[in-house]
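[1] structure of the sequence below:
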Amino acid sequence: QVQLVESGGGLVQAGGSLRLSCAASGFAFNRYVMGWFRQAPGKEREFVAAITWEGSGTTYADSVKGRFTISRDNSKNMVYLQMISLKPEDTAVYSCASSTGYYFNPSFYQNWGQGTQVTVSS
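    Modelled structure (predicted):
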């Protein structure tokens, strides 16, 4: 049974930091691209970051470039999103997802976690 479980969300002031974690199980983790996406109320889900199978390649949305860092630990089946210099506009539910290819469109991701809420106050 494929399972993705996010943790680490919370309430933080603008300028603060959070580290999100995603625990994967039930599939060959090191054979999947992992991505982070977010969805704010009333908005569509949007791409945040993706990391290649072995972790050597990463891609970020322009809105988070230089502030967010995606990483993975294939020995632990974990993917992380380190977020610094958070802004109120980063407020959203953040979800991790897995894909067989290196895509940035959420439609190409097969498995999803339930998400974790990140709220940034001004």
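[2] quick check: bridge partners of E6?
    C22 (DSSP bridges).
[3] the residue nearest the centre of the chain in helix, strand or coil?
    The centroid of the chain falls nearest to W36 when counting by Cα atoms, centre = their mean (2.3 Å). What DSSP: H, G, I helix; E, B strand; the rest coil gives for W36 is strand.
[4] next, count neighbours for the residue lying closest to it once chain neighbours are set aside.
    Leaving out its chain neighbours, the residue that sits closest to W36 by Cβ to Cβ, 6 or more residues apart in numbering is V48, at 4.3 Å. For glycine as for every other residue, the C-beta is placed from the backbone atoms N, C-alpha and C. Using other Cβ atoms under 10 Å, V48 is surrounded by 25 other residues.
[5] surely T116 and L4 touch.
    No - taking Cβ atoms under 8 Å as the definition, T116 is not a contact partner of L4, at 11.0 Å.
[6] what sits in contact with each of these two?
    Residues touching both T116 and L4 (Cβ atoms under 8 Å, 6 or more residues apart in numbering) are S95.
[7] returning to what we had before: show me the contacts for the residue nearest to W36.
    Going by Cβ under 8 Å, 6+ apart, V48 touches G35, W36, F37, R38, Y60, A61, V64, F68, I70, L81, Y94.
[8] what's the most distant pair in these?
    Distance extremes for the contacts of V48: the farthest pair is Y60 and Y94 at 13.8 Å, using Cβ to Cβ.
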